[in-house]
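Participant: sharing a model prediction with you, sequence too.
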Amino acid sequence: MSAPSTDDFPLPPALRWLGYAAFWLAVGLILALAELQHYLRSGGLHPWEPFLWELSSTASTALLTLAIFGWHRRLFDGDHGVPARIAGHLAAAVLYVLAHSALMYTMRAVVYASVDVAYHPGHWLYILGYEGAKDLVSYVLIVAVCHGVLLVLRDRRQRADVARLNAELAAARIARLQEQIQPHFLFNTLNLVSSVMYEDVERADRILSELAELLRLSLEAGRSPQHSLREEMRLVAPFLSIMRQRFSGRLDAQVQISEEALRCEIPSLLLMAPIENAAKHGVAQTDQPVQLRIAAQVEAGVLSLSVSDSAGQVSRDSRPGGIGLSNTRERLVALHGDAASVSLAREDEATVFRIRMPAKVAA
C-alpha cells in the first residue's frame, strides 16, 4: 500500500488550509507575546520587533513544514528502506536549516528596510550557528508529527478499504444465499403440485397457474437484493393460495401488517422460507385445522416480522433448521450484523418465527 496523500484528510481543502494558517499564526503570536515582555524589560524601542521576529520564524516554518511533510510521505512509502530514509532526512535537515534561516532573515530585512530601521543580524556563520541547533530540534519534532499524521491517515485508508471489501463480500454472500433460496421454494412447490395432481386435476391446474405467477414475481424480485414488504407480500399471496389448495381448507392464513411496516425495506424473498417451514412442520404434520399468522409492525425504529402456526414443532436446539431458515439468518446478519435477530420458539401454544431488523423505508 502506498503512503496516504493529503486528500485523505477529512476536512475540505479550504477549511484545512485555514486551520493550518490559524494554527501557525496562534503559535507565532504566543511566542511574540512572551518575547515582548523580555524585549520591553531590556529597553527595546520598537514593540513590533518581537512580533516580526517570531512571526517571520513561524511563517517560514509553516511553509517548510509542507515540504517536509511531502518529503517524509515519499520516504514513508514501503519502497524505501531504513538507511534510505535516514539519509534522506539528514540531507533534508541540512536544507531545512539553510532554507529556514534564509526565509526568516529575508522577511525581516524587507520589513526593517520598509520602516527605515537599521538591521544588523550579524555574520551568516553566526546566524547558522545560532539558528542551526534550534532548527535541527524543530525538524525532528516536525518529522515526528508528520509521521503521526501519516499513520493516522494510513489507518483511516485501511479501515475504508476493509469496510469496502466487507461490503462487497456481504453483497456477494447475499447474492449466493438468494440463489439458494429461489430453487429451494421452487422444488418444494413442485412437490406440492405433484401430490395434488393425483387427487384433483382442476385444483392442480389452479396451483400451476398460481405457481407461474409466483415464479414470475420471484424472478422480478431476484433482480434486486432488497424491496419493500408490500412487494414481498405480493409474492406471499400466490404462495399462500397454493398452500390452501394443498391442504384443502385446513389452513387458515391471516395477515396483520401495518401500513408503516409495508413501506419498510427487507431482503427479497425473506418470508418464503419461514412460511414454507410453517407449512412443512406445521400443517403437513397434522390432520387438524392450523392457523397461520403473518404479522409485522414498526416500533422504535425496529421492524418486527413474525410467522406463527398453531401446530408446528420447535427443533431441539431452538434454532431455525433447514437451508431456507439458515439462509434467512445469514442474509440478515450480512446486511445488518448484530442489529438484526432471528428466533424460533413456542409462544402461547403456537410456533413463532420472529425476525427483527432496523426499519428503513424502501426507495
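Facilitator: Cool, the structure landed.
Participant: distance of residue 146 from residue 136?
Facilitator: Using C-beta to C-beta, to the nearest Å, one gets 16 Å for the distance from residue 146 to residue 136. For the C-beta atoms, the positions are set from N, CA and C on the backbone; glycine is no exception.
Participant: of those two, give the one with the bigger neighbour count.
Facilitator: Higher neighbour count among residue 146 and residue 136: residue 146, with 19 against 14, using other C-beta atoms under 10 Å.
Participant: check which residues of the least confident helix or strand in the chain by mean pLDDT are buried.
Facilitator: Taking all helices and strands of the chain together, the one with the lowest average confidence (mean pLDDT, DSSP states H and E) is helix 322-336, at a mean of 73. Neighbour counts using 16 or more other C-beta atoms under 10 Å place 324-336 of helix 322-336 among the buried residues.
Participant: relative to the whole chain's centre, how far out is that helix?
Facilitator: Helix 322-336 sits 21 Å away from the centroid of its parent chain (C-alpha atoms, centre = their mean, to the nearest Å).
Participant: helix 322-336 and the helix or strand following that helix, what's the angle between them?
Facilitator: Once helix 322-336 ends, the next helix or strand along the chain (criterion: DSSP states H and E) is strand 341-347. Taking axes from the mean of the first three to the mean of the last three C-alpha atoms, to 10 degrees, one finds strand 341-347 and helix 322-336 inclined to each other by 130 degrees.
Participant: quick one: buried residues of strand 341-347?
Facilitator: Of the residues in strand 341-347, those buried (16+ other C-beta under 10 Å) are 342, 344.
Participant: quick one: mean pLDDT for it?
Facilitator: On average, the pLDDT along strand 341-347 is 86.
Participant: paired strands for that strand, with orientation please.
Facilitator: In the sheet, strand 341-347 lines up against strand 350-358 (antiparallel) (DSSP bridges).
Participant: I'd guess residue 232 is in a strand, am I close?
Facilitator: No: Residue 232: not assigned to a strand; according to DSSP: H, G, I helix; E, B strand; the rest coil it is helix.
Participant: 15 is where my numbering starts, stick with that
Facilitator: Happy to do that; since the first residue is 15 now, the last one works out to residue 246.
Participant: wait, it touches residue 279, no?
Facilitator: No: in this structure residue 246 lies outside contact range of residue 279 using C-beta atoms under 8 Å: 9.9 Å.
Participant: which one's more surrounded, the two?
Facilitator: A direct count of neighbours by other C-beta under 10 Å for residue 246 and residue 279 places residue 246 higher, at 26 against 19.
Participant: now do the contacts for the more buried one.
Facilitator: When contacts are counted by C-beta atoms under 8 Å, 6 or more residues apart in numbering, residue 246 is found next to 235, 280, 282, 283, 284, 285.
Participant: just the ones of those in strands?
Facilitator: Of the positions in those, residue 280 sit in strands, assigned by DSSP state E.
Participant: relative to residue 114, which of the contacts of residue 246 is nearest.
Facilitator: Nearest to residue 114 among the contacts of residue 246 is residue 280, at 62.7 Å by C-beta to C-beta.
Participant: mind checking how far the closest one is from residue 307?
Facilitator: Relative to residue 307, residue 280 is positioned 18 Å away (C-beta to C-beta).
Participant: neighbour count: those two, which is higher?
Facilitator: residue 280 (25 against 17).
Participant: can you give me the pLDDT of the closest residue to the more buried one other than its chain neighbours?
Facilitator: If the residues on either side of it in the chain are set aside, residue 280 comes closest to residue 243, at 5.4 Å by C-beta to C-beta, 6 or more residues apart in numbering. At residue 243, the model reports a pLDDT of 94.
Participant: residues near residue 243, how many?
Facilitator: Applying the criterion other C-beta under 10 Å, we find 22 residues in the vicinity of residue 243.
Participant: go on, the one 4 residues further on?
Facilitator: Residue neighbour count, defined by other C-beta under 10 Å, stands at 17 for residue 247.
Participant: per-residue confidence for it?
Facilitator: At residue 247, the model reports a pLDDT of 92.
Participant: give the buried residues for stretch 122-130.
Facilitator: By neighbour count with 16+ other C-beta under 10 Å, stretch 122-130 contains the buried residues 122, 125, 126.
Participant: let me know the helix or strand that the first one is in.
Facilitator: Secondary-structure element containing residue 122, defined by DSSP H and E: helix 96-128.
Participant: sorry, back to before: go ahead and confirm the residue nearest to residue 280 touches residue 278.
Facilitator: Yes: with contact defined as C-beta under 8 Å, residue 243 counts as touching residue 278 (5.2 Å).
Participant: so what sits against both of those two?
Facilitator: Applying C-beta under 8 Å, 6+ apart, one finds that residue 243 and residue 278 are jointly contacted by 310, 317, 376.
Participant: closest to residue 65 among these?
Facilitator: Nearest to residue 65 among the shared contacts of residue 243 and residue 278 is residue 376, at 61.9 Å by C-beta to C-beta.
Participant: for the closest one, what are its contacts?
Facilitator: Residue 376 makes contact with 240, 241, 242, 243, 245, 277, 278, 279, according to C-beta under 8 Å, 6+ apart.
Participant: now with 10 Å, please.
Facilitator: For residue 376, the contacting residues are 238, 240-246, 276-280, taking C-beta atoms under 10 Å, 6 or more residues apart in numbering as the criterion.
Participant: out of these, what pair is the most spread apart?
Facilitator: Of all pairs drawn from the contacts of residue 376, the one with the longest distance (C-beta to C-beta) is 238 and 276, at 16.9 Å.
Participant: between these two, which has more neighbouring residues?
Facilitator: With other C-beta under 10 Å as the criterion, residue 238 and residue 276 differ in neighbour count, and residue 276 comes out ahead with 16 against 13.
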